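Engineer: Fold the following, please.
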Amino acid sequence: MAWNSASRAALGLVLLLPVLAACEAAQQIDAAMRRVDVLDRIFAPEPPAPSPQVVLQPAPVAQPEPPPAAPEPGLAKEPEPPPETLPETLHAAAPVSPPEPEPPARVDPAVRRAALIRDNPWLAQFWAELNRAEQARVTRALRRSGTVVGEGAIPSAWDRMGLAERVRLVYGNGS
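Structural biologist: Numbers count the residues shown, from 1 in each chain. So this is what the prediction gives:
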């Protein structure tokens, strides 16, 4: 079969079809990405506020002050009062201490417990599911609290505890 210009053009078109299909798919994806639906309106962040326009005005030119007039030869200057007659307001005032910072707001224990369990899901696991580091942490806490004496009682003590007791044991009361 001879390769004439018509067969070359046909072959070129056949080879271009996947490229054209890929372009169309890319256009559809782009259109879908640009579409705004209801959820985008609800969860979209607020558009940034336009920055205020700053207008710079030239600074006013300072006028030089006229030199003080020379005193007339016949007028005398008033003498300054002696230091003991100065008003008391000129004396140094006692330093003012900064205001006391407000105490931190009291956190609801149930909210704190829920947040700690959410951040540390291992608190809700059985002893056998804990890794070695978590088991060591619980063992230290149980011994520190005086709850458990023997090594064999630690797993059963942990498994019997409720979530509130576990959080209190590992993280304290939060006060």
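Engineer: average pLDDT for the lengthiest helix in the chain?
Structural biologist: Longest helix in the chain, counting residues (DSSP state H): helix 5-34. On average, the pLDDT along helix 5-34 is 72.
Engineer: Return the set of buried residues in that helix.
Structural biologist: Across helix 5-34, burial judged by 16 or more other C-beta atoms under 10 Å covers no residue at all. C-beta here means a position set from N, CA and C on the backbone, and glycine is covered the same way.
Engineer: Repeat that for stretch 142-157.
Structural biologist: 142, 148, 154, 155, 157.
Engineer: residues making contact with that stretch?
Structural biologist: 127, 128, 138, 139, 158, 169 (C-beta atoms under 8 Å, 6 or more residues apart in numbering).
Engineer: ok, now stretch 102-109?
Structural biologist: With C-beta under 8 Å, 6+ apart as the criterion, stretch 102-109 contacts 173, 174.
Engineer: Helix or strand: which one has residue 156?
Structural biologist: Counting by DSSP states H and E, the element that carries residue 156 is helix 153-160.
Engineer: Dump that helix to CSV, keeping only the CA atoms.
Structural biologist: Written as CSV, here are the backbone C-alpha positions of helix 153-160 (Å, rounded to 0.1, in the frame of the first residue of the first chain):
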residue,chain,number,x,y,z
ALA,A,153,-3.4,-6.0,88.5
ILE,A,154,-2.6,-3.1,86.1
PRO,A,155,-4.3,-4.5,83.0
SER,A,156,-7.5,-5.5,84.8
ALA,A,157,-7.6,-2.1,86.7
TRP,A,158,-7.3,-0.2,83.3
ASP,A,159,-9.9,-2.3,81.6
ARG,A,160,-12.4,-1.8,84.5
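Engineer: Could you give the average pLDDT over that helix?
Structural biologist: Mean predicted confidence for helix 153-160 is 90.
Engineer: so after that helix, what's the next helix or strand?
Structural biologist: Next along the chain after helix 153-160, with elements defined by DSSP H and E, is helix 163-171.
Engineer: Now do that following helix and helix 153-160, the angle between them.
Structural biologist: Relative orientation of helix 163-171 versus helix 153-160 (axes from the mean of the first three to the mean of the last three C-alpha atoms, to 10 degrees): 130 degrees.
Engineer: got the buried residues for helix 163-171?
Structural biologist: Under 16+ other C-beta under 10 Å, the buried positions of helix 163-171 are 166, 167, 168, 169, 170.
Engineer: can you list the domains in this structure?
Structural biologist: For the chain, automatic domain parsing gives the domain ranges 5-43, 109-171.
Engineer: Give me the below-cutoff pLDDT ranges for this structure.
Structural biologist: In the predicted model, the chain carries pLDDT under 70 at residues 1-3, 13, 16-17, 19-22, 33-62, 67-94, 149, 175.
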